[in-house]
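Participant: model the following, please.
(2 chains)
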2 protein chains.
Amino acid sequence: MTKENPSSKRISLNQITTENWSLPDAAEGCVRAEIPWISIWRHKLQEIGLNQSKKIIRDTGLRVSSLCRGGMFPAATDSERQSRLDDNRRAIEEAAELGTDVLVLVCGAAPDRDLDSARQWVAEGIEKLVPYAKDYGIKLGIEPLHPMFAADRSVIVTLKQANTILDTIQSPQVGVIVDVYHVWWDPDLYQQITRAGNKILGFHVSDWAHPLPDLFKGRAMIGDGVIEIRRIRQAVEAAGYTGPIEVEIINQAIWDQPGDETLRVMKERYIEHV
Amino acid sequence: MTKENPSSKRISLNQITTENWSLPDAAEGCVRAEIPWISIWRHKLQEIGLNQSKKIIRDTGLRVSSLCRGGMFPAATDSERQSRLDDNRRAIEEAAELGTDVLVLVCGAAPDRDLDSARQWVAEGIEKLVPYAKDYGIKLGIEPLHPMFAADRSVIVTLKQANTILDTIQSPQVGVIVDVYHVWWDPDLYQQITRAGNKILGFHVSDWAHPLPDLFKGRAMIGDGVIEIRRIRQAVEAAGYTGPIEVEIINQAIWDQPGDETLRVMKERYIEHV
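Facilitator: Numbers count the residues shown, from 1 in each chain, chains lettered A, B, ... in the order given. This next block holds a predicted model:
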């Protein structure tokens, strides 16, 4: 494996990594740590409102790598599925207002035991959003989640599934997000990264420690786990993705430490392991 | 979905479901509950020894659906990998002594971050065991585990991977185990069950509740989760498997309840949901 490091100009703070920080805190933290990108979560946006958020981004000069998240398409009734689509349209508008061109999609779980229907609803939901996304200049990034989230967060669990949806929809508005935590175990990973090619819209890094401290909040700091992060990053680059690299770590112990310390460590580890 | 139930003659108690019971306890429990099959774990065998275990099985008239488990092939050094193979040979001998023809393989994790090498060691390890398994009339069942166990228990995480190993080894001595808990999320599941065909050596049932109470001890009683168990059972049957169906539930709350109660509930749920 080569030791070529990624450019420090590509590092992005995915805001969930510093969950205890508000958006102003996180933006100022990025400026102090010389992190040029930020990925914004919608619950953080809602805390202070869209206009205030836009002002903060403008004032700090940060670039927004993505808005997290749309998706959650499957639901038991027509009207609930419609209301999910409405919410996705609001997310597209917010993404455009914030000056990013990527909305991350966490696609949603099966409302009952019927995985096939849920997967169909996901594909249909994304297809329905395409014209709206196009109007706003937003790309929709399908993020396959780890199969351990199939029951509660995403019936899209492999990059192959996401790529197959891309083949069906055939729109420049739709692509995939590669998050190492969700896909590292997949025997088809490198083949599917190549297949995704220039449809890769984002690359997220964290690590998988074992034993996993928690199912949802169990992600480890880069370098503290078993994932071949550099190999995956190089594969994603070889496929054509050279955009921002989001550090996205959902971990209670990391949330509980001072945010500046988190940013300092993640920058070090980014150079060493990504 | 049809409501055709599986025969009650096919139900097997996988011994880990009643972890608080010794082998004599479990065997007597099966007799009381009219459960004709049992799957034996090696740590339970060691508690009372092989000869005593054989006597119990003979006296109770139970049939042994499988011995659990061999595997754990990857290791950092040649000598350690050799010692893992030696242990697998002992497991083959024990399986033959107990009168089952199936040894379940939990293949093992990567000793470092190198998944590719670990997967290669698994395939090589299984291939080396084939002649020995043949001598003892034992079939080796590769059990893909859920990808959330890739770091600590099995680098074989999909049925497709297991099928590909079968294609490489081309021996009637090697097949696959389908455990619904490990494979239910897989978009390729039904296609790979068909591909496995008459190489399916075992079928294990439990359920996936969410939120998952625990990563390792988080399996739910049949019917208490989201898995399309009956659909998977019917697919496995359509592929050609009509052997015993093991109820394998690793769950602290179920372990803590009286074993007879566990067996009563699992029989009911088996008829209703499997």
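
Participant: so which residues on chain A come close to chain B?
Facilitator: When proximity is defined by Cβ under 8 Å from any Cβ of the partner chain, chain A lies next to chain B at A:110, A:112-115, A:119, A:146-148, A:150-152, A:157-158, A:160-161, A:184-187, A:208, A:210-212, A:215, A:225-228. Every C-beta, even on glycine, is put in place using the N, C-alpha and C of the backbone.

Participant: please enumerate the helices of the stretch 1-150 of chain A.
Facilitator: Here the stretch 1-150 of chain A has its helices, by DSSP state H, counting those that start in this stretch, at A:23-33, A:42-48, A:50-60, A:78-98, A:115-136.

Participant: which strands and helices sit next to the shortest one?
Facilitator: For helix A:42-48, the packing partners by 3 or more Cβ pairs under 8 Å, 6 or more residues apart in numbering or on different chains; DSSP states H and E come out as helix A:23-33, strand A:63-71, helix A:78-98.

Participant: and with 10 Å instead?
Facilitator: Packing partners of helix A:42-48 (3 or more Cβ pairs under 10 Å, 6 or more residues apart in numbering or on different chains; DSSP states H and E): helix A:23-33, helix A:50-60, strand A:63-71, helix A:78-98.

Participant: now the angle between helix A:78-98 and the second one, please.
Facilitator: For helix A:50-60 against helix A:78-98, the angle between stretch directions is 30 degrees (axes from the mean of the first three to the mean of the last three Cα atoms, to 10 degrees).

Participant: against A:Ala162, how distant is the most centrally placed residue in chain A?
Facilitator: In chain A, the centroid-proximal residue (Cα atoms, centre = their mean) is A:Val104; its distance is 5.3 Å. As judged by Cβ to Cβ, to the nearest Å, A:Val104 and A:Ala162 stand 12 Å apart.

Participant: do A:Met221 as well
Facilitator: 26 Å.

Participant: those two: who's more crowded?
Facilitator: Using other Cβ atoms under 10 Å in any protein chain shown, the more surrounded residue of A:Met221 and A:Ala162 is A:Ala162, with 28 against 21.

Participant: circling back: columns mean pLDDT, mean neighbour count and distance to B:Pro6 on top of the helices and strands packed on helix A:42-48, output as a markdown table?
Facilitator: As requested, these are exported to a markdown table (pLDDT from 0 to 100; neighbours: other Cβ atoms under 10 Å in any protein chain shown; distance: least, Cβ to Cβ, whole Å):
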| stretch | mean pLDDT | mean neighbour count | distance to B:Pro6 |
| --- | --- | --- | --- |
| helix A:23-33 | 98 | 19 | 54 |
| helix A:50-60 | 98 | 15 | 56 |
| strand A:63-71 | 98 | 26 | 37 |
| helix A:78-98 | 98 | 16 | 35 |
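
Participant: re earlier: find residues that contact each of A:Val104 and A:Ala162.
Facilitator: A:Gly141, A:Ile142, A:Glu143, A:Ile177 (Cβ atoms under 10 Å, 6 or more residues apart in numbering or on different chains).

Participant: got CSV for those, with pLDDT, neighbour count and distance to B:Ser171 too?
Facilitator: Listed next are the shared contacts of A:Val104 and A:Ala162 as CSV, based on pLDDT from 0 to 100; neighbours: other Cβ atoms under 10 Å in any protein chain shown; distance: Cβ to Cβ, whole Å:
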residue, pLDDT, neighbour count, distance to B:Ser171
A:Gly141, 98, 26, 44
A:Ile142, 98, 28, 40
A:Glu143, 98, 25, 40
A:Ile177, 98, 28, 41
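
Participant: all good on my end, thank you.
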